[in-house]
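In: sharing a sequence plus its predicted fold:
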Amino acid sequence: MAVKVMIPTPLRAYAGKKESVEVAATTVGEALKSLTDQYSELKKHLYSEDGRLRSFVNVYVNDEDIRYAKKDQTPVRDGDTVSIVPSIAGGKGN
Amino acid sequence: MVTKPEVTSSATQETAPVTLTKKEIERYSRHLIMPEVGMEGQLKLKQAKVLCIGTGGLGAPLGLYLAAAGVGRIGLVDFDRVDDSNLQRQILFSTKDVGRPKIEAAADRLHGLNPEIQIDTFDTHLSSDNALEILKDYDIVVDGTDNFPTRYLVNDACVILKKPNVYGSIFRFEGQVTIFGYPEGPCYRCLYPEPPPPGLVPSCAEGGVLGVLPGIVGAIQAAETLKLIIGKGESLVGRLLLFDALAMRFRELKLRKNPDCPACGTHPTITKLIDYAEFCGVRGEEAPAPQTSVPEITPRDVKARLDRGDDLYILDVREPHEYQICNLGGHLIPLGDLSKRASELDSSREIVAHCRSGKRSAEAVEFLQRAGFRKVLNLKGGILAWSDEVDPSVPKY
């Protein structure tokens, strides 16, 4: 099933400069796996060495945070949007 | 979550009733004729006390709109001076302000816009030692800073003092806005328990910001602040607004209060301010000079050796758009392409790698050494140091 994964600006450099990537998946975990299989450099930015999602990266299915759903087992349906939202700190634009 | 929080000013009802002068009525007439603000709302604005942390890209539109709207007391915290590179987006400042302390230039500008209000200035770094003391007198805190340690400091101080924290942050052409610190709403640590470790945040090659972006994000922070004061509308508490200026698209995500949050959860472990530099791995947005052991050469030494006729091969590992700004005539291979294109380099020649500040080129030198290059040096301080030490006609960016 086709799911759109939105790539945030700071991580686009590791995802072929793309704003979003379409993947086939039934869970969030599968969607992110498919994404990092295509763009291996993204992996270390999304996951820590023990394989857990980094604590400054949040993932949403549509507008819901997967931490409050079934985490990487959260189901995704055709047409859903998975958003990767990392923390950004800029305020002055250095 | 629909919340209509109302901020109560410490200027209590027991004191003499606050009124507007004839001049103020004329100044604020476009608010007064609107029922959502009206006299009641305008008097709330007059009694409100808002602290703006940072007077940069976000603080500029924020300060201007809060002052114009008649927020009675505005505090400004910044330690910086106005720089040429600020003027592309920090619309509080004029060319003649370059070199002045930001809060001084900002206070002048805001007073010029609205002499009826009080401006408090704090020419200081917000720190664990002074944050609670500075924040305590204000009803609302607006976070327009530019680094992770201060973000966590402002969050924790607002949670401890139970103050709303109108949050905005930007990166290139993307912004995030929400309100943290409401008792029933989440805080920054609910969203991001920890900051990114050093090295995983994009380097200066991916930095920069579209000048108008902080204008839009800061103006949204101003709108949310004014709504909190007058107690009208639906606030962004519990919602993260994402804005992409390139796609010109707004999106919204739900934020939840994390019951296990170390700052605002049911059993908080952060009950006083901590060492935020340490918590963030001693880095803000700008990385300190890397502690690498790669061989270096100073710009002066490179110049002397080139003048002497030594065969030095200059390798520029920046991005092509940076090469267009200024260059030393070096061979351009962006750091990200180096592994694919190392074969373009002649390992028998002595190579001097450089970038903007020396960080990326240190990585390049390390990579080339591992790839078997023996004669590779890092230009210490990058093209910035070259401009300082050798050729001031090279622009700094």
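Out: Structure's in. What do you need? Numbering: from 1, shown residues only, chains lettered A, B, ... in the order given.

In: element containing B:L306?
Out: Secondary structure assigned from DSSP states H and E places B:L306 in helix B:299-307.

In: who touches the residue of the stretch 201-350 of chain B found nearest chain A in this structure?
Out: Here the stretch 201-350 of chain B gets closest to chain A at one residue, B:V209, 3.3 Å apart by Cβ to the nearest Cβ. No exception for glycine: its C-beta is placed from N, CA and C like everyone else's. Applying Cβ atoms under 8 Å, 6 or more residues apart in numbering or on different chains, we find B:V209 in contact with A:G90, A:G93, B:G57, B:R89, B:I170, B:F171, B:R172, B:F173.

In: which non-adjacent residue is nearest A:R54?
Out: Residue nearest to A:R54 in three dimensions, not counting chain neighbours: A:S48, with 5.5 Å by Cβ to Cβ, 6 or more residues apart in numbering or on different chains.

In: how about B:R256?
Out: A:Y68 (5.5 Å).

In: what about that neighbour, how many residues nearby?
Out: Counted with other Cβ atoms under 10 Å in any protein chain shown, the neighbours of A:Y68 add up to 11.

In: correct me, but it touches B:L255?
Out: No. Taking contact to mean Cβ atoms under 8 Å, the distance of 10.0 Å between A:Y68 and B:L255 leaves them out of contact.

In: on the three-state scheme, the most centrally placed residue in chain A is what?
Out: Centroid-nearest residue in chain A: A:I84, 3.8 Å away (criterion: Cα atoms, centre = their mean). Recorded secondary structure, A:I84: strand (DSSP: H, G, I helix; E, B strand; the rest coil).

In: what's opposite it in the beta bridge?
Out: Note on A:I84: beta-bridge partners A:V59, judged by DSSP bridges.

In: give the bridge partners for the residue of the stretch 201-350 of chain B closest to chain A, please.
Out: On the basis of DSSP bridges, B:V209 takes part in beta bridges with B:R172.

In: measure it to B:N130 for me?
Out: Taken as Cβ to Cβ, to the nearest Å, the spacing of B:V209 relative to B:N130 amounts to 28 Å.

In: and the contacts of the helix or strand bottoming out on mean pLDDT in chain A?
Out: Within chain A, no helix or strand scores below helix A:43-46, which has a mean of 89 by mean pLDDT, DSSP states H and E. Contacts of helix A:43-46 from elsewhere in the structure, counted by Cβ under 8 Å, 6+ apart, are A:L11, A:Y14, A:L32, A:T36, A:L53, A:R54, A:V57, A:I84, A:P86, B:L200.

In: OK, contacts around the second one?
Out: By Cβ under 8 Å, 6+ apart, A:Y14 lies in contact with A:Y39, A:E41, A:L42, A:H45.

In: same question, the fourth one
Out: Applying Cβ under 8 Å, 6+ apart, one finds that A:T36 lies in contact with A:L42, A:K43, A:L46, A:Y47.

In: that one in helix, strand or coil?
Out: Assigned state for A:T36: helix (three-state reduction, three-state DSSP).

In: quick one: it from chain B, how far?
Out: 15 Å (Cβ to the nearest Cβ, to the nearest Å).

In: and if you look at the first one?
Out: A:L11 sits 8 Å away from chain B, going by Cβ to the nearest Cβ.

In: the nearest residue to that residue once chain neighbours are set aside: how many residues sit nearby?
Out: Excluding the flanking residues, the one nearest A:L11 by Cβ to Cβ, 6+ apart is A:H45, at 5.7 Å. For A:H45, the tally of surrounding residues (other Cβ under 10 Å) stands at 22.

In: hey, where'd the helices end up in the stretch 251-397 of chain B?
Out: With helices called from DSSP state H, counting those that start in this stretch, the stretch 251-397 of chain B shows them at B:276-279, B:299-307, B:320-325, B:338-341, B:359-370, B:382-389.

In: repeat that for chain A.
Out: A:28-38, A:43-46 (DSSP state H).

In: contact residues of chain A facing chain B?
Out: Near chain B, the residues belonging to chain A are A:8-10, A:13, A:19, A:44-45, A:54-56, A:58, A:60, A:63-65, A:67-68, A:83, A:85-94 when assessed by Cβ under 8 Å from any Cβ of the partner chain.

In: quick one: buried ones out of these?
Out: For the residues of chain A next to chain B, a neighbour count by 16 or more other Cβ atoms under 10 Å in any protein chain shown gives the buried set as A:8-10, A:13, A:45, A:54, A:56, A:58, A:60, A:65, A:67, A:83, A:85-94.

In: which SS state does the residue nearest the centre of chain B fall under?
Out: In chain B, the residue lying closest to the centroid (Cα atoms, centre = their mean) is B:D146, at 2.2 Å. Per three-state DSSP, the local secondary structure of B:D146 is coil.

In: give me the nearest residue to B:T271, chain neighbours excluded.
Out: Counting by Cβ to Cβ, 6+ apart, B:T271 lies nearest to B:I160, which is 7.3 Å off, once chain neighbours are set aside.

In: the one you found touches B:S128, doesn't it?
Out: No. Between B:I160 and B:S128 no contact is recorded; they are 11.1 Å apart, counting by Cβ under 8 Å.

In: now intersect the residues of chain A next to chain B with the strands, please.
Out: Counting by DSSP state E, the part of the residues of chain A next to chain B found in strands is A:N58, A:Y60, A:E64, A:D65, A:S83, A:V85, A:P86.

In: could you check the pLDDT of the fourth one?
Out: We note a pLDDT of 96 for A:D65 in this prediction.

In: who does it form a beta bridge with?
Out: Assessed by DSSP bridges, A:D65 has beta-bridge partners A:Y60.
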